[in-house]
Each structure stands twice: as C-alpha cells, then as structure tokens.
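>>> model this:
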Amino acid sequence: EIIYSNGLATTKVGAGGRETAFGAFLRDLVKVGNKLVLVGGLRIDRWQNTRGVVSTHFLVPNTRFADVFADRSETAISPQAAMLFNASDRVSVYASASSSFRSPTLNELYRTFRVGNVNTLANADLRSERATNAEFGVNYKLRAVSLRSSVFWTKVDRAVSNVTISATQNLITRQRQNVGATRSAGFEIEAETTYRKLHLSAGYLFADSRVVDFAADPTLIGLRVPQVARHQLTFQGRYALEKWTLALQGRAAGKQFDDDQNLFRLEPFLQ
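Down below sits the predicted model:
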C-alpha cells in the first residue's frame, strides 16, 4: 500500500503472513422410529500463523524497516448435537446446540489502515473467537404454503472488535481487540408460497447483539455490537415464463452503529 501526504507518495507499507489450517470432523445421523432424527458431530481444527511481518519503506529519506512477529498456533474443538421431530405431515420441530470458532484473519493480525480520520490498528496478539450456540425451531407446511420460525441464542467469547482507544477532533484511533464476550439473541420467521407460476417469499429477523463482558473497558458492557441491525427484512417475488424469469428482490435493515461506543449511527435502509 502507498501512503500519501499532501498529494505526494511518502511511504510504502506491506503487511501479511501465512496461515495454514488443518481440520477433521466426524458426523453421524440416527433415525429413531419414523418421526425422530438425531445428529451428532465433532470437529477439530488446528491452524498456524507464520511469517507475520509489517514492512515499511519511507521514500524520503529512503529508509526501510520491518516488524517481524513470532509464529503462533491454536486448536479448536467444536461439538454439535441436533434433533428433528416430525410431529405430523404438516409440523416438524428441531433443536440444536453447538460450539464453533473463528480464527483471526491475517488482515486483523497484521494490517493497520486508515479511513478518513479513523485509524485502525492491527493486533498480532489476537486469539480466536469461540461461540456457544443454541437454536429451536418449528416448521409448518400446508399445500403450497411453508412457514418456518426459530429462536436462537449465541454467546461469543473473545469476540474480535474495533475498540476505540483514543479520540480527538482530528483523529480517532481504534485497535482490533478480543472483547470479553458478546451475546446475540432473537428470532426469525420465514414464509413462502407458490401460486401457479408465481413464487413469493419473505423473512424477518430480530437480533439483539450486545457486549456482555469486557474487563478492559466496562463502559462498553450493554452496548450494541457495531454494524448489527436489530431488525432485518428480506422479500422476493418471482414469476416464471417459458424462456424468461421475472424477479423482484428486496432487503431492509433498521438502524445500527458503526463504532463500539454507539456514537456513530447508521441510518435504516431499504434496497
């Protein structure tokens, strides 16, 4: 990347590394009678980050230096259990519980960037996010009409977030950090129907996602996770002809925030 100051190129910066990942999983499905299906699974992942470096080349004066980071590795074990109960030809019920992970990206670990007056620092010490998930849902189908509804709860430990560490009128500095924990809970409703060549579908999602633990900055506890709207809506209409398909799609989202302190509001939108 090339950094400019007053219209002149002053610095070249390169950041990156190599991430190598290995994974293995075992999954089994058991049918109990004619109505109950049980699913169990276990996954293990191990990844290693190597060659992490940030190189800086100042054009004037012509000088170079590099920050080299130590190699790192992590392991994650992710179990899953789920069930599906077909209560009747019209109604089915399902439930699931699982744990999952997300490793920090090379971008989050090593690349610092600036947009406008917001400077976001990388963090080579980031650890992987770990999530605990639970979901329960009901499906209903009657002729050409299908309805699906579910409730969910997810807690993410060590969630990676851009945390504000200083703010002035001219410069806001943030750093990617592992927030203690975030929690997302809500429900989702979907419906679809078909009438001859016309297919209609719509969905609504309510997701309340908040910080629930952060010892390093307790003022963030209770605030909403950035860039997560509580209300989200999708819809689609599709009409099939012999050689053509006409479709109208749309999505909408309520207000959300662009920052960890919930100061910069992003307005609702419809597309």
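>>> So which bits of stretch 161-173 are buried?
Residues of stretch 161-173 classed as buried: 161-164, 172-173 (neighbour count, 16 or more other CB atoms under 10 Å). Where you see a C-beta, it was placed from the backbone N, CA and C, and this is true even at glycine.
>>> OK, contacts around residue 112?
13, 15, 54, 119-122 (CB atoms under 8 Å, 6 or more residues apart in numbering).
>>> which residues sit against the strand or helix carrying residue 96?
Residue 96 is located in strand 91-102, with elements delineated by DSSP states H and E. With CB under 8 Å, 6+ apart as the test, strand 91-102 has contacts from 45, 76-87, 128-140, 160.
>>> quick revisit: which among the contacts of residue 112 end up buried?
Applying 16+ other CB under 10 Å to the contacts of residue 112 flags 15, 54, 119-122 as buried.
>>> Just the ones in strands from those, please.
Those of these mapping onto strands are 15, 54, 119-121, per DSSP state E.
>>> Closest to residue 31 out of these?
Of all those, residue 31 sits closest to residue 120, with 49.9 Å by CB to CB.
>>> For the closest one, give the beta-bridge partners.
residue 113, residue 174 (DSSP bridges).
>>> Make sure it is actually in contact with residue 113.
Yes: taking contacts as CB atoms under 8 Å, residue 120 lies within contact range of residue 113: 5.7 Å.
>>> Next up, the contacts around the nearest residue to residue 185 once chain neighbours are set aside.
Leaving out its chain neighbours, the residue that sits closest to residue 185 by CB to CB, 6 or more residues apart in numbering is residue 153, at 4.7 Å. Residue 153 makes contacts with 133-135, 183-185, as judged by CB under 8 Å, 6+ apart.
>>> Nearest to residue 2 among those residues?
Distances from residue 2 to the contacts of residue 153, taken by CB to CB, are shortest for residue 184, at 38.4 Å.
>>> I'd like to know how many residues surround that closest one.
18 (other CB atoms under 10 Å).
>>> sorry, back to before: export the buried ones among the contacts of residue 112 to JSON lines and tack on pLDDT?
Below are the buried ones among the contacts of residue 112 laid out as JSON lines (pLDDT from 0 to 100):
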{"residue": "15", "pLDDT": "94"}
{"residue": "54", "pLDDT": "95"}
{"residue": "119", "pLDDT": "92"}
{"residue": "120", "pLDDT": "94"}
{"residue": "121", "pLDDT": "95"}
{"residue": "122", "pLDDT": "94"}
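>>> Residue 219 belongs to a strand?
No: per DSSP: H, G, I helix; E, B strand; the rest coil, residue 219 lies outside any strand segment and is helix.
>>> oh, and call the first residue 299 from now on, that's how I've got it
Will do, 299 is the new start, and the previous item becomes residue 517.
>>> Can you give me the separation between it and residue 561?
12 Å (CB to CB, to the nearest Å).
>>> that older thread, quick check, nearest of the contacts of residue 451 to residue 539?
residue 433 (38.2 Å).
>>> Next up, the contacts around the nearest residue to residue 320 once chain neighbours are set aside.
Sequence neighbours aside, residue 344 is the residue nearest to residue 320 in space, at 5.3 Å (criterion: CB to CB, 6+ apart). Contact partners of residue 344, counting by CB under 8 Å, 6+ apart, are 319-321, 371-374.
>>> quick one: which of these has the most company?
residue 374 (18 neighbours).
>>> got the phi/psi numbers for that one?
For residue 374, the backbone dihedrals are phi -130, psi 140 (criterion: degrees, to the nearest 10).
>>> swap in residue 466?
Torsion angles, degrees, to the nearest 10, at residue 466: phi -130, psi 180.
>>> go on, residue 405?
Dihedral angles (degrees, to the nearest 10) for residue 405: phi -60, psi -50.
>>> tell me, how many neighbours does it end up with?
Neighbours of residue 405 (other CB under 10 Å): 12.
>>> what sits against it?
For residue 405, the contact set (CB under 8 Å, 6+ apart) comprises residue 420.
>>> for residue 309, same thing?
300-301, 354-357.
>>> Mind checking which of those residues are in strands?
300-301, 354-356.
>>> Out of these, show me where the pLDDT dips lowest.
Among these, residue 301 carries the lowest pLDDT, at 88.
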